[in-house]
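S.K.: Give the three-dimensional model of this entry:
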Amino acid sequence: MSNARVLTGAPLTIPPRPVAAESVRPEIVRETGQAHGAPVVEKPLSVFERLYNQAWLRKILILVLLAGIWEAYGRYLDNDLLFPTFSATMEAFFRAVADGTLPARAWSSLKVLLMGYAAGVALATVLTGIAIASRIGTDFLETLTSMFNPLPAIALLPLALIWFGLGNGSLIFVLVHSVTWAIALNTHSGFLSVSRTLRMVGRNYGLSGPRLIGKILIPAAFPSILTGLKVGWAFAWRTLIAAELVFGVSSGAGGLGWFIFENKNMLDIPNVFAGLLTVILIGLVVENLIFQTIERRTIQRWGMQT
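M.R.: Got it, this is the predicted structure:
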């Protein structure tokens with residue numbers, strides 16, 4: 001018992017542990033300036049990289065490459081009646097431009113195209129407005145699109161001749177058919193893809209009816225709307241050229257399609273290719289100047305596309 005009291009009452013002393021020498025970490029000092037061998041965070045682009053980043057230059061190089069392939073293949077065949085060279089086509093093109101034939105035919109086609117395209121856009125706008133206003137409107141648009149969108153516009157040429165006779169009325173009819181359904185379908189799909197959150201935000205700001213459509217739905221759905229306009233333009237352009245081949249033969253007048261058909265009958269194949277080249281050039285101008293300008297000032301500016 002006494003031993004236990006002594007053990008419990010005596011102060012407990014713990015011998016000190018030997019302290020090991022602290023290891024000092026060597027400090028690394030880096031120079032803030034550009035020392036020799038320092039990593040380069042940013043460096044200027046080379047001339048090749050700056051040029052390669054220009055989309056217009058890349059497209060021009062592609063066109064030059066295609067023109068070179070065209071010229072080489074034409075020289076390999078050595079038969080202008082079958083496949084004229086690019087140089088022969090350009091010679092015929094500048095000759096037709098100089099005498100005013102191609103500009104007059106191109107303007108004749110563009111006038112009809114703009115009238116048919118505008119009418120198709122207006123009709124697609126009305127149909128889309130009806131579709132977003134009610135469920136029965138949506139069913140109506142979906143039914144019409146399923147019926148008429150697969151129907152080629154060229155198949156309506158006989159009916160157009162019977163109903164509207166020879167002239168611009170028949171051309172505009174087939175153009176409206178080719179434009180309307182592509183634009184209406186894409187626009188309606190774009191409106192349906194607008195999130196409910198954006199719609200609620202618009203209603204919280206007191207927007208409704210046309211104001212809600214103009215300030216919320218159209219900007220949010222504009223990528224789909226622009227896609228529909230592009231597709232409608234392409235459909236209208238090729239439908240017009242094909243229709244002019246028929247109407248030109250029937251009425252003895254027409255635009256680029258009649259120019260192509262007329263020169264084919266005369267076996268002037270370089271002029272035929274010159275007409276086709278004009279169709280291609282107009283398509284490139286519309287796509288790369290008009291539509292890309294709209295896209296750059298709307299979709300890209302709004303941050304909806306990089």
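
S.K.: And the helices in the stretch 51-200 of the chain, which stretches?
M.R.: For the stretch 51-200 of the chain, helices defined by DSSP state H, counting those that start in this stretch occupy the ranges 55-77, 86-98, 101-133, 135-148, 157-164, 168-192, 196-204.

S.K.: contact partners of stretch 68-76?
M.R.: 83-89 (C-beta atoms under 8 Å, 6 or more residues apart in numbering). In this view, the C-beta of every residue, glycine as well, is placed from N, C-alpha and C.

S.K.: Sorry, slip of the keys, the one I care about is stretch 174-182.
M.R.: By C-beta under 8 Å, 6+ apart, the surrounding residues in contact with stretch 174-182 are 112-113, 115-117, 119-121, 123-124, 127, 144-145, 148-149, 151, 153-154, 156-157, 160, 228, 231-233, 235-236, 239-240, 243.

S.K.: do stretch 47-60 as well
M.R.: If you take C-beta under 8 Å, 6+ apart as the criterion, stretch 47-60 is touched by 45, 288.

S.K.: Show the end-to-end separation of that stretch, please.
M.R.: Using C-alpha to C-alpha, to the nearest Å, one end of stretch 47-60 lies 17 Å from the other.

S.K.: so how far is it from its chain's centroid?
M.R.: Computed by C-alpha atoms, centre = their mean, to the nearest Å, the chain-centroid distance of stretch 47-60 equals 20 Å.

S.K.: on that earlier part again, ok, of the contacts of stretch 68-76, which come out buried?
M.R.: When these are checked for burial by 16 or more other C-beta atoms under 10 Å, the buried set is 83-86, 88-89.

S.K.: Closest one of the residues you listed to L63?
M.R.: For the buried ones among the contacts of stretch 68-76, the closest approach to L63 (C-beta to C-beta) belongs to F86, at 10.9 Å.

S.K.: what separates the closest one from A242, distance-wise?
M.R.: Distance, F86 to A242, by C-beta to C-beta, to the nearest Å: 25 Å.

S.K.: Excluding residues flanking it in the chain, which one is nearest K264?
M.R.: Nearest non-adjacent residue to K264, counting by C-beta to C-beta, 6 or more residues apart in numbering: V272, 5.2 Å away.

S.K.: what mean pLDDT would you report for whatever helix or strand that neighbour lives in?
M.R.: For V272, the host element (DSSP states H and E) is helix 269-285. For helix 269-285, mean pLDDT rounds to 92.

S.K.: just to revisit the earlier point, and the contacts of stretch 174-182, which are buried?
M.R.: By neighbour count, with 16+ other C-beta under 10 Å, those hold 112-113, 115-117, 119-121, 123-124, 127, 144-145, 153-154, 156-157, 160, 228, 231-233, 235-236, 239-240, 243 as buried.

S.K.: about what we covered before: wait, isn't the residue nearest to K264 in contact with E262?
M.R.: No. Applying C-beta atoms under 8 Å as the test, V272 and E262 come out as separate, 9.2 Å apart.

S.K.: Just list the residues touching the residue lying closest to A160 once chain neighbours are set aside, thanks.
M.R.: Nearest non-adjacent residue to A160, counting by C-beta to C-beta, 6+ apart: S170, 3.9 Å away. S170 makes contacts with 157, 160-161, 163-164, 243, 247, as judged by C-beta under 8 Å, 6+ apart.

S.K.: before we move on, the earlier item: would you turn the helices of the stretch 51-200 of the chain into JSON lines with mean pLDDT?
M.R.: Shown next, in JSON lines, are the helices of the stretch 51-200 of the chain (pLDDT from 0 to 100):
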{"stretch": "helix 55-77", "mean pLDDT": "89"}
{"stretch": "helix 86-98", "mean pLDDT": "93"}
{"stretch": "helix 101-133", "mean pLDDT": "91"}
{"stretch": "helix 135-148", "mean pLDDT": "90"}
{"stretch": "helix 157-164", "mean pLDDT": "85"}
{"stretch": "helix 168-192", "mean pLDDT": "90"}
{"stretch": "helix 196-204", "mean pLDDT": "84"}
